[in-house]
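Asks: Got a sequence here, can you build the structure:
(2 chains)
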Amino acid sequence: MTRAETGTVTLARALCERALERAGVDRASDDFKVAVDGATRYATRVLASELGRRTNDAEDDDEGALGREIARRVARARGAASGTRAAEACERLRGDGSGLRRRSGILRCLMAISDDVKMASGTLERGIARAGGMVRLELDAKARALAREERARGTSAAPRASGETTSRALAGGDKGAMGLHAVGRRADAYRALEIENVTRGECDERDLVRDVLYACQGIDGEFVKFSPAEQAFVIAPNVNVSAGRRNLIKSLTEVGWLFKKVTSSLGDARTTGVDVETGEGSTRQAFQAAIQRELAEYYKLVAVLESQAQVPIIGFMPDGKDAPAAKGADAYLTLRRLFLWLADPLKTLRTLAILVDATYGHRGGAILAAIHKYSRHGDPSTTTLVRRILSASATPFLGMTQRWTVSGELDDPSREYFVRVDHAVPDKDLWRRKYEFDENMLPSFITQEQGRTIMRLGKSINFLRRCCDDSSWAPERAEILNEVEKAGGLDFENPDALAVLILETSKCIDGIVRRVLFERYKLGEHCQALKRYLLLGQGDLHESLMDLIGPSLDEPANSLSVFKLSGVLEQAVRSSSVQSDSSEFIDRLRVRLMPHLNEEIGWDVFTLEYVVNQPLTTIFTEHAMSKYLRVFNFLWRLKRVEHTLCGTWQMMKPTVSHMLTSEAAGGGPSGATLVAMLRDCHSLRGEMHSFMSNFQYYVMVEVLEVSWADLEEKFAKHSDLDEIIAAHEIFLDSVVQKALLGSKSQLVLQTLYALFEIMMSFREVAEGVFDIAAKVFEKKAATRERIAEREKNQQWGTYVGEESTSTDFIDKDELYATQGTLSRLRDDYSRALDGFLNLLPLQTHVDTQFLLFRLDFSDYYVARGIGPGDVSRRGESRQLIGA
Amino acid sequence: MSDAARETLDVAHDLSKLLDCDVTREELAVLIALVERGVNPEALAAVVRELRREAREMGNA
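Replies: Okay, the predicted model is just below:
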């Protein structure tokens, strides 16, 4: 036995003696000596055993923490004042003056004894699983085993020792007889369960807490690891964790999963689902920054929790008398506490993850639209969070909006904005094709209408700058920006500022566009000129043109020369009142020949055109000009038919025809036929003329002038270019529709053209009839002259065999052939007119009904069974039948 | 016994009273000595507890 061991034995013996003395055993009795011997042997064995010698040096350093723990316990058991005293005492023991080497050992020993005392009295609170808990339990078991051994050897003076008392028995409450209250028993039960768990080898909660905290940062811990297969954090299979904790861990690690998800969206294009080529765009960057800011809070919390997990919680539930829970392991951060701590960040992260999911693969305005959808959440805290993120993310987008609306600049390399520019489109198509509206990129907090307006504003600025060489925009810009500043600056939370921006800019820029177009580029005058030149508004020009150009147009198309025709046009201009027009407009009027086939004649290919330059081509596009040409061609044809009918009339003037009629009347049956034919010609021409003049009236007045009045009204009212263009297009469309040139009127137009053809050919037939009559007249005159001459020579006026009556002067074959042609023409005309009048009511445009009414004003056609009959009267009769 | 040692013992005794350890000064002195010798404090506490129980049983007997 070494000296040291001897010392230990001596001390142990002293200890045993005192213990027995205190228990009231008589020092002088034999029992006492035996008991002391036994106890000493037992004590030395325990102390000398492996367990007893094992000192936990690592924990010697933890003196401060131990001191605090003691202070806390005392404070809980006896109040704050005692706690302070205990803390002071610990402090003094820790001081160097105490001369002790293992100060923490003393403290630890005292604490353990205190625990034991309390447990024995049943007031020990639940939980002893401190860091050294395992060791203690082992010790307990060992010590108890040794005690049993001593007793078995019969050296013990207390053979009926209840050393078998297990913790389970305690939990069962067999100390209830000692008058201890239930809380104590329950505490014992808890402790028992705890011990059971520990002895079953379950994982320490502190380790689990640590691992969960790791998981919350997306890192794999010792027991809790991320499983890519399950896409979740899972507890390693070989770790023993109770079902309750498993559940808790499962719900806690959702935070980690969400965190991983959210942080992954902050990565590069691969994880955000955006093409790498065009880049992520500033909106996504802003979104990511906003998410980072939100995560900073979370990082802070996790850091705090991590540090808390290291040290026991001090001052936790200060008056422990009525709340005996929370001691031992509970003093540290538990999974349950963690659950409470992480409840808020869990909600935040969930929202963030939803946003990250919603914005996946989107860019620019689409991101904002996706976020905006979630900003109307019913939960105010979620709403605030989403709006905060949205507000931050929208900043670059709103900046873009401001630059675009105020200065027409679009700096959008990643195609984030809802206005797309196509640099390949030349300036002449700037208004129509260069800029495109991308609905997907329009965030939902900007309405469709606002978006269109914003696009129009920027476009207007570019239009002024590039097409109109106008740069009078700069001073107004500052004013608008001032207004916006006054309204609180452009921000998502401040939609008024956006409205102000749009309103002010549109007031300004639309005014400028209007001024430039109407005053500098004379839009109004050009429209007027188009109407006068191409829509035959200036009648005398076309009348004289028809006169002058008519003969050349009868020639085949391929023999015509544009230069010659241009000369004729100039002549016509000079001979009409148009010559007083400014040359700015007249010079734009040109002759154009359409591409032609071999058999076509000049009439088929001749057309006038009006050339407009930039920037008016934005309004008078090629498409619009082609519509003008179509209308012109139609009107020109109408004019030509009218012209022909007028020519026929010149031939059939009443004086001429009356003379011819009287001459022909005396000529027997052939003469009567000729007279009837002449009358037919007159009535037919009258019908045709009535039709033409009504139709012309309809087209020129009811179609053109009405639409024109509409257009002028709109030009005066509308300010922005889009509306002006639309008004002009509506004007053209309505003209085309009402003049039966629309695609739906193809059939009726064909019958109309057939009517025109018949009217044109009527001239020849009428000429034939009048030729015959004229020939008769001439022959009669010659005969009369001859008779007069002979009479002068005192001869017989007529000889036998000479033609004496008009019948004899009429070539019968020619007469009947012409009669046949005339009656055929008449039939053709009736048929064509019937077809036309029947088709007319089928037109959808309401104005054509008026045309029908006008054409058959006196029920002439109804009476003759041509056309659909009186539509209104038929309607009435139908109503009567219905009644 | 030096003053310093006595003082330390006083302080430790105070502490033990605050902790309801129910140890006398003499016992405490022995305990401190044992701990100073390098005995595991937890084991020591276990011994104390066992001794007390034995003693109580003997006393009752």
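Asks: Residue A:535 and residue A:632 touch, don't they?
Replies: Yes. Between residue A:535 and residue A:632 there is a contact under Cβ atoms under 8 Å: 7.0 Å. C-beta: built from backbone N, CA, C; applies to glycine.
Asks: Tell me the secondary structure of the residue most central in space within chain B, please.
Replies: Most central in chain B under Cα atoms, centre = their mean is residue B:28, positioned 3.4 Å from the mean C-alpha point. Per DSSP: H, G, I helix; E, B strand; the rest coil, the local secondary structure of residue B:28 is helix.
Asks: need the contact list for it.
Replies: B:9, B:12, B:13, B:16 (Cβ atoms under 8 Å, 6 or more residues apart in numbering or on different chains).
Asks: quick one, phi psi at the first one?
Replies: In this case it means residue B:9. phi -60, psi -40 (degrees, to the nearest 10).
Asks: for residue A:420, same thing?
Replies: Residue torsions, per degrees, to the nearest 10, at residue A:420 are phi -110, psi 140.
Asks: which one's the longest helix in chain B?
Replies: helix B:41-60 (DSSP state H).
Asks: Confirm residue A:234 sits in a strand?
Replies: Yes. Applying three-state DSSP, one finds residue A:234 inside a strand.
Asks: distance of it from residue A:12?
Replies: Using Cβ to Cβ, to the nearest Å, residue A:234 is found at 51 Å from residue A:12.
Asks: Between the two, tell me which one has more neighbours.
Replies: Neighbour count, other Cβ atoms under 10 Å in any protein chain shown: between residue A:234 and residue A:12, residue A:12 has more, with 26 against 17.
Asks: and residue A:226, which of the three is it?
Replies: Reduced to three states by three-state DSSP, residue A:226 is strand.
Asks: That one: what's it in contact with?
Replies: Per Cβ under 8 Å, 6+ apart, neighbours of residue A:226: A:215, A:218, A:220, A:232, A:233, A:234, A:256, A:260.
Asks: okay, now residue 46: neighbour count?
Replies: Answering for chain A, as no chain was given. 24.
Asks: Wait, chain B was what I had in mind.
Replies: Residue B:46: 29 neighbours (other Cβ under 10 Å).
Asks: Go through stretch A:234-247 and flag the buried ones.
Replies: By neighbour count with 16 or more other Cβ atoms under 10 Å in any protein chain shown, stretch A:234-247 contains the buried residues A:234, A:235, A:239, A:241, A:245.
Asks: Please tabulate the residues you listed in JSON lines, including the columns distance to residue A:522.
Replies: Shown next, in JSON lines, are those (distance: Cβ to Cβ, whole Å):
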{"residue": "A:234", "distance to residue A:522": "79"}
{"residue": "A:235", "distance to residue A:522": "83"}
{"residue": "A:239", "distance to residue A:522": "88"}
{"residue": "A:241", "distance to residue A:522": "87"}
{"residue": "A:245", "distance to residue A:522": "86"}
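Asks: out of these, which one sits closest to residue A:115?
Replies: Among the buried residues of stretch A:234-247, residue A:245 lies closest to residue A:115 (Cβ to Cβ), at 25.2 Å.
Asks: check contacts around that closest one.
Replies: Per Cβ under 8 Å, 6+ apart, neighbours of residue A:245: A:205, A:208, A:335.
Asks: who wins for neighbours among those?
Replies: Sorting the contacts of residue A:245 by how many neighbours each has (other Cβ under 10 Å) puts residue A:208 first, at 26 neighbours.
Asks: just how off-centre is the helix or strand bottoming out on mean pLDDT in chain B within its chain?
Replies: Sorting the helices and strands of chain B by mean pLDDT, DSSP states H and E puts helix B:41-60 at the bottom, at a mean of 78. Distance, stretch centre to chain centre, for helix B:41-60: 11 Å (Cα atoms, centre = their mean, to the nearest Å).
Asks: Name the residues of that helix that are buried.
Replies: B:41-58.
Asks: try stretch A:824-844
Replies: Quick answer for stretch A:824-844 (16+ other Cβ under 10 Å): A:825-826, A:828-830, A:832-840, A:843.
Asks: Inside strands: which ones of those?
Replies: Among the buried residues of stretch A:824-844, no member falls in strands (DSSP state E).
Asks: Inside helices: which ones of these?
Replies: Those of the buried residues of stretch A:824-844 lying in helices (DSSP H): A:825-826, A:828-830, A:832-839.
Asks: got those residues as CSV, with distance to chain B columns?
Replies: Formatted as CSV, these follow (distance: Cβ to the nearest Cβ, whole Å):
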residue, distance to chain B
A:825, 134
A:826, 134
A:828, 129
A:829, 129
A:830, 129
A:832, 124
A:833, 125
A:834, 123
A:835, 120
A:836, 119
A:837, 120
A:838, 118
A:839, 114
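Asks: wait, which of those residues is closest to residue A:604?
Replies: For these, the nearest to residue A:604 is residue A:832 (20.0 Å; Cβ to Cβ).
Asks: gap between the strand or helix carrying residue A:249 and the chain center?
Replies: Residue A:249 belongs to helix A:243-265 when assigned by DSSP states H and E. Put simply, helix A:243-265 sits 34 Å off its chain's centre (Cα atoms, centre = their mean).
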